[in-house]
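Trainee: pasting the sequence and the predicted coordinates here, then a few questions.
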Amino acid sequence: MTGRVYYEELQRFPTFAYVVSVGTAAVAAGSIWAVGGRLAAAPVLILILAFTLNLLFLKVRVTDKALHVRIGLAAPLLWKSYPTNEIRVHRAVEYRPILDAGGWGMRFGRFEARACRFWNARGNRGVLIETPKHRYIIGSQTPERLADALRQAGAPSDA
């Protein structure tokens, strides 16, 4: 990911996702403790927390070559790059995360009655991009800035 950076955004998932992660880790560690694995409970708790809390981030970056998206902060679990010369059109949009995508994260759903893949962490705004193979919505708290950065990087807009 070298070259000029036009845009960068790091989004955190909503608070409830962190609460659920901590609760799940505590239940897992408690279960191990209850069956006699007292020495293993603390390391398991730490590993589960580190793994799940690492995933609760969405990073979006636009360079002069591509749009880069990843889920995970220190050790990304999912990532994808979309070369700007493969983006046919893009535009800022508002969508319904639950109805259109089934929630947040890396999802598959429908937008404007067509198949769409979603990368989102929170909120209901993003940028729709279309490539020769697929349509994607990249969630953003500042979709107009993301769309402008894609335009600056050479991706054609729908406006």
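Mentor: Structure received.
Trainee: chain neighbours aside, what residue packs nearest to the spatially most central residue of the chain?
Mentor: For the chain, residue 58 is the residue whose C-alpha lies nearest the centre (Cα atoms, centre = their mean; 3.8 Å). Nearest non-adjacent residue to residue 58, counting by Cβ to Cβ, 6 or more residues apart in numbering: residue 121, 3.8 Å away. For the C-beta atoms, the positions are set from N, CA and C on the backbone; glycine is no exception.
Trainee: for the one you found, give me its contacts.
Mentor: Counting by Cβ atoms under 8 Å, 6 or more residues apart in numbering, residue 121 touches 11-13, 56-58, 71, 104-105, 139.
Trainee: from memory residue 80 sits against residue 71, does it?
Mentor: No: at 9.6 Å, residue 80 does not count as touching residue 71 under the criterion of Cβ atoms under 8 Å.
Trainee: who has more neighbours, these two?
Mentor: Using other Cβ atoms under 10 Å, the more surrounded residue of residue 80 and residue 71 is residue 71, with 23 against 15.
Trainee: buried ones in the helix or strand of the chain with the lowest mean pLDDT, by neighbour count?
Mentor: Among the helical and strand segments of the chain, the one scoring lowest on mean pLDDT, DSSP states H and E is helix 38-55, with a mean of 82. Going by neighbour count (16 or more other Cβ atoms under 10 Å), the buried part of helix 38-55 is 41, 44-45, 48-49, 52-53, 55.
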